[in-house]
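> what follows is a predicted structure for the sequence shown.
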Amino acid sequence: MTGTQKSVFITGAAAGIGRATALTFARRGFTVGGFDIDEVGLKSLADDIEQLGAKAIVGHLDVTDPDEMAQRVGEFASAAGGRLDVMINNAGILRAGRFEEMDIGGHLKEIDINTKGVVNGLYAAFPYLRSTPDAIVINLASASAIYGQAELANYSATKFFVRGITEALDLEWERYGIRVIAMWPLYVKTAMTDNIKTGTTESLGIRLTAQDIADAIVAATEPSKLRRAIHQVHFPVGSQTKALAAGSRFSPGWLTRLVNKRLAHS
């Protein structure tokens, strides 16, 4: 490894959380890799990163394609001096509605992007993470990984997958000095939630911004001594998620179910 400037690779970077995160890391002097299927959004992102005085490397990426993922991660690491300090698996889609009323093709597409996309990213990034001291993987999970969510059944299930693979690889990859962590936001004000209306959005609202998540991601890369000591893996974002996550750890299963049933107006 020859590079000295830190680097971050972000999937789904053209808009929303990915874009806000890319710009936040750019302000901190990182070489920023932004990848997405939205190439127009990426061009705008690159311009904004360069205006901040940081180096931008952007390109098309379909996260469901393992070959393209491997190619893009390799190209980025090479351009970043052989290092990959932070890998952020952010790309995802959100579909809401009653499970049986939604088309099967949409369910499978959500699974492909939200789960297979994360697996592809993890697999492609591993060699570069292993060769970079104190490397970090950040997977975008969700508060819906606390308990299965009505009207978000398939989406919620994909985030349970993200939760599980994060926990497992944080154990496996500790031997290589790689931290694997997950961010747990509730609903975020982005284009993804523009037309979303569920029982839980009515109960809890949509309060978080993309910048809230970006700030939490950056903070998670530099944990406090306490968080390091307890080896925190999951990072709830926002007071509502923190309360729900804390409550689920101490309440019996029947009570957690009842709370979620009432929040969903189910």
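Here it is on my side, so go on.
> for stretch 165-180, buried residues please.
165-166, 169-170, 173, 178-180 (16 or more other C-beta atoms under 10 Å). Every C-beta, even on glycine, is put in place using the N, C-alpha and C of the backbone.
> now, which of those lie within strands?
Using DSSP state E, the subset of the buried residues of stretch 165-180 located in strands is 179-180.
> check whether Leu186 really touches Leu204, as I assumed.
Yes - applying C-beta atoms under 8 Å, one finds Leu186 in contact with Leu204, separated by 6.3 Å.
> pick out whichever of those two has more residues nearby.
Neighbour totals were compared for Leu186 and Leu204, and Leu186 leads with 23 against 18 (other C-beta atoms under 10 Å).
> tell me the spacing between the more buried one and Arg163.
Separation of Leu186 from Arg163 (C-beta to C-beta, to the nearest Å): 15 Å.
> hang on, the earlier thing: mutual contacts of Leu186 and Leu204, please.
Gln240 (C-beta atoms under 8 Å, 6 or more residues apart in numbering).
> which ones are touching Glu202?
Going by C-beta under 8 Å, 6+ apart, Glu202 touches His265.
> separation between it and Ser248?
Taking C-beta to C-beta, one finds Glu202 at 21 Å from Ser248.
> ok, now Ala219?
With C-beta to C-beta as the criterion, Ala219 and Ser248 are 22 Å apart.
> which one of those two has more residues nearby?
Ser248 (16 against 13).
> ok, the more buried one - contacts?
Ser248 is in contact with 146-147, 256, counting by C-beta under 8 Å, 6+ apart.
> quick check: it is in a strand.
No - going by DSSP: H, G, I helix; E, B strand; the rest coil, the assignment for Ser248 is helix, not a strand.
> which residue, neighbours along the chain excluded, lies closest to Ile57?
Take Ile57 and drop its neighbours on the chain: the residue closest to it by C-beta to C-beta, 6 or more residues apart in numbering is Gly33, 4.7 Å away.
> ok, now Tyr176?
Closest residue to Tyr176 apart from its sequence neighbours, by C-beta to C-beta, 6+ apart: Arg130 at 4.8 Å.
> so the one you found is in contact with Glu174, correct?
No - between Arg130 and Glu174 there is no contact under C-beta under 8 Å: 11.9 Å.
> show me where pLDDT drops low in the stretch 1-150 of the chain?
Scanning the stretch 1-150 of the chain for pLDDT under 70 picks out the ranges 1-3.
> switch the cut-off to 50
1 (pLDDT under 50).
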